[in-house]
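S.K.: Output the structure for:
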Amino acid sequence: MRVLLIEDDPTLGEGLRDYLGSVDVAVHWCQDLALTRVLDLDSFDAWLIDWQLPDGSGLDWLRQLRSQGKDTPALILSARDLLEDRVRGLDGGADDYLVKPFAPEELAARLRALLRRRAGSAQGRVKVGPVQVDVAARAVWLDGEKVALTAREWSVLEALVLRAGRIVRKSELEAMVLGQEAEVSSNALEVHVSGLRRKLGHALIETVRGLGYRLETD
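M.R.: Next comes the predicted model:
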């Protein structure tokens, strides 16, 4: 999972980045809204947004993106703990709301819940023909037999499952899976897609010529 964290507190930001990294969540951390302008926001699986930031309101930023049709799961992080604040956050486009201070373990659990919702399964499992994928457990089965994937192969599969039914641009998928390494190896993504097809079946991932890749769940 790759998430965008917008948080101005350096202690909290570093702590969340380090903890989430320890549970296999890749975090891109910005300390203000201005730093997000150069990012491909669609390349993240979730957004973690502080409400009050040095250069504006995280909730207003989220409202604007929702008005543009952006549907990436978003979780507001805020010290505002009144009922009316939580209602404003959720009505403003957040999928979840977490009051500071909080335990990082709870944040990770809420992220897993957002993933399950986005995958369209309360249990976190989705089916693609003979393949079953559990996005929360980071596990995959072919005809009932568990299949071992590399970390990068899993990242590709997870990104496509969470965007099932839509075409994911090659550049977008490279940003999610490879980060800066995408600039070093031009065919690295194709290698990982080929590995998935070899292990899970060639029909799993559709190549949409000139556009990217697509995965259709049952």
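
S.K.: Please make it C-alpha for all contacts and neighbour counts, starting now.
M.R.: Will do.

S.K.: tell me what the lengthiest helix in the chain is packed against?
M.R.: Longest helix of the chain, by residue count under DSSP state H: helix 104-119. Contact here means 3 or more C-alpha pairs under 8 Å, 6 or more residues apart in numbering; DSSP states H and E; on that basis helix 104-119 packs against helix 10-22, strand 125-128.

S.K.: what does the average pLDDT come to for the first one?
M.R.: In other words, helix 10-22. The average pLDDT within helix 10-22 is 94.

S.K.: Residue ranges in this protein under the pLDDT threshold?
M.R.: The model of the chain has pLDDT under 70 over residues 120-124, 179-186, 218.

S.K.: Would you map the strands across it?
M.R.: Assigned by DSSP state E, the chain shows strands spanning 2-6, 26-30, 46-50, 52-53, 56-57, 74-78, 96-99, 125-128, 131-134, 139-142, 145-146, 168-169, 206-208, 212-214.

S.K.: Looking at those strands, which is nearest to Glu158?
M.R.: Closest of the strands of the chain to Glu158 is strand 131-134, at 8.4 Å (criterion: C-alpha to C-alpha).

S.K.: how many other residues sit next to the residue nearest to Asp134 when sequence neighbours are not counted?
M.R.: Spatially, and ignoring its direct neighbours in sequence, Asp134 is nearest to Arg125 (4.2 Å; C-alpha to C-alpha, 6 or more residues apart in numbering). By other C-alpha atoms under 10 Å, 18 other residues sit near Arg125.

S.K.: if we can go back for a sec, columns distance to Leu107 on top of the strands of the chain, output as TSV?
M.R.: Formatted as TSV, these follow (distance: least, C-alpha to C-alpha, whole Å):
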stretch	distance to Leu107
strand 2-6	12
strand 26-30	13
strand 46-50	10
strand 52-53	18
strand 56-57	21
strand 74-78	9
strand 96-99	8
strand 125-128	21
strand 131-134	19
strand 139-142	21
strand 145-146	28
strand 168-169	27
strand 206-208	34
strand 212-214	29
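
S.K.: follow-up on the earlier one: against Pro10, how distant is the residue nearest to Asp134?
M.R.: Arg125 sits 36 Å away from Pro10 when distances are taken as C-alpha to C-alpha, to the nearest Å.

S.K.: before we move on, back to that, CA atoms only for the longest helix of the chain, dumped as PDB, please.
M.R.: The C-alpha coordinates for helix 104-119 follow below in PDB (Å, rounded to 0.1, in the frame of the first residue of the first chain):
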ATOM      1  CA  PRO A 104      -0.200   4.200  15.100                       C
ATOM      2  CA  GLU A 105      -1.500   0.700  15.400                       C
ATOM      3  CA  GLU A 106      -5.100   2.000  15.200                       C
ATOM      4  CA  LEU A 107      -4.200   4.100  12.200                       C
ATOM      5  CA  ALA A 108      -2.800   1.100  10.400                       C
ATOM      6  CA  ALA A 109      -6.000  -0.900  11.200                       C
ATOM      7  CA  ARG A 110      -8.100   1.900   9.800                       C
ATOM      8  CA  LEU A 111      -6.100   1.900   6.700                       C
ATOM      9  CA  ARG A 112      -6.600  -1.800   6.300                       C
ATOM     10  CA  ALA A 113     -10.300  -1.200   6.700                       C
ATOM     11  CA  LEU A 114     -10.300   1.400   4.000                       C
ATOM     12  CA  LEU A 115      -8.500  -1.000   1.700                       C
ATOM     13  CA  ARG A 116     -11.100  -3.700   2.300                       C
ATOM     14  CA  ARG A 117     -13.900  -1.200   1.400                       C
ATOM     15  CA  ARG A 118     -12.100   0.000  -1.700                       C
ATOM     16  CA  ALA A 119     -11.600  -3.600  -2.800                       C
END
